[in-house]
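**Student:** below is the structure, and that's it, no one-letter string:
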Ligand code: GLY
């Protein structure tokens, strides 16, 4: 082969090599979309009642559904809105609207903080991707319901109602969990739609209180903080779904990251951006983060010296479960953060890596044992012995959202 032929070959091959390297990270190829659509076809062929919402699999592989008051009730509709957005298929819009509108009464629900998840993921996406303008008032009503849980002294929205900690003695009267950062998007949206700033003010106040009390110096966070509603003092910092009170429950870190990125989206206040970057750095550079960037269910579960408060037997987990849902939430949040941060390159690279991992056979369903969801290997709550190493509708939701968000970035 002479020199000129060699140069020509390199000009043809080199760009291909580089584009291969970057393109593998964005995985909405025809094959991937066909697989995802196949899984949803399977689900829609047996799930026809929109008040029985697909959440996970039972041990025998059958679909497990939940009612409309379950905290995960909005994700299936949200998944259908994302699929409609990705494919443009009108029948998916019809399905998405059907599963959304079954949640109608949730807009008046103030029994816990999850109304944000339930309504924003369903109606919020219907407004955004389905142009359903009539959904606006539902979002505003839901924001009103959520704000009923706000306490001016605690400067926070109450997550759960009264309950006891794992020790069986400590009582929580005003527990706020990090997950609650995810409900703020509903409040910001409601302010934009209604031009009434009161929802946004509550969201900002809640976020500031969370920054102050949920976070440690290394930007990891507690799961639960309990408040005195008269003095506003912190009464307890603890976990409910993590390994120990002082550990970092993986999905909690992801909820926090996502929530602070959303706060920056709506306020453009740099303190929220800087805070989100610090959380992202904690996650990406965590010493216990596996190479594929899909975390164990808790970042500290491998750390000697930490002892769980509840009855945890490591022998039951020879392979420490990963949490694909935490990875999917993190991935989606990192894509948005990459759009704001001067550190775009690093966050985009990490998000691409997670998306690539979740799109690989190691995490993606085989279509046989798991016929109804996209991802395997998520964890609901190990302390509760619930939903360990299973598919979850919210893992799929944030995975689809990450797919959509990944599209916005042009890669050379
Ligand atoms: N928001 C409940 C959970 O993350 O498990």
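**Tutor:** Received, thanks. Model, not experiment: these values are computed from the prediction.
**Student:** who's in contact with stretch 105-116?
**Tutor:** 68-69, 71, 73-74, 118-119, 123, 138-139, 141-142, 145-146, 148-149, 157-161, 177, 179-180, 182-187 (CB atoms under 8 Å, 6 or more residues apart in numbering). The C-beta positions use only the backbone N, C-alpha and C, and glycine is treated the same way.
**Student:** let's see 6 Å
**Tutor:** 71, 118-119, 138, 141-142, 145-146, 148, 157, 159-160, 180, 183, 186 (CB atoms under 6 Å, 6 or more residues apart in numbering).
**Student:** identify each buried residue in it, please.
**Tutor:** Within stretch 105-116, the residues that count as buried by 16 or more other CB atoms under 10 Å are 106-107, 109, 112-116.
**Student:** what does stretch 383-393 give?
**Tutor:** For stretch 383-393, by 16+ other CB under 10 Å, it's 383, 387-393.
**Student:** for the ligand, what's its nearest residue on the stretch 201-350 of the chain.
**Tutor:** residue 251 (4.9 Å; CB to the nearest ligand atom).
**Student:** quick one: secondary structure of that residue?
**Tutor:** With DSSP: H, G, I helix; E, B strand; the rest coil as the basis, residue 251 sits in helix.
**Student:** that one touches residue 326, doesn't it?
**Tutor:** Yes - at 4.3 Å, residue 251 and residue 326 qualify as touching, with contact defined as CB atoms under 6 Å.
**Student:** quick one on the thing from earlier: tabulate the buried residues of stretch 383-393 (CSV), appending distance to residue 168, pLDDT and secondary structure.
**Tutor:** Conversion of these to CSV gives the following (distance: CB to CB, whole Å; pLDDT from 0 to 100; DSSP: H, G, I helix; E, B strand; the rest coil):
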residue, distance to residue 168, pLDDT, secondary structure
383, 13, 96, coil
387, 23, 97, strand
388, 23, 97, strand
389, 27, 97, strand
390, 27, 98, strand
391, 32, 98, coil
392, 28, 98, strand
393, 31, 98, helix
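**Student:** which of the residues you listed sits closest to residue 199?
**Tutor:** residue 393 (26.5 Å; CB to CB).
**Student:** show only the entries of the contacts of stretch 105-116 found in strands.
**Tutor:** residue 157 (DSSP state E).
**Student:** quick check: ChimeraX command selecting the buried ones in the contacts of stretch 105-116.
**Tutor:** Buried subset of the contacts of stretch 105-116, written as a ChimeraX selection, criterion 16+ other CB under 10 Å:
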select :71,118,119,138,141,142,145,146,157,159,160,180,183,186
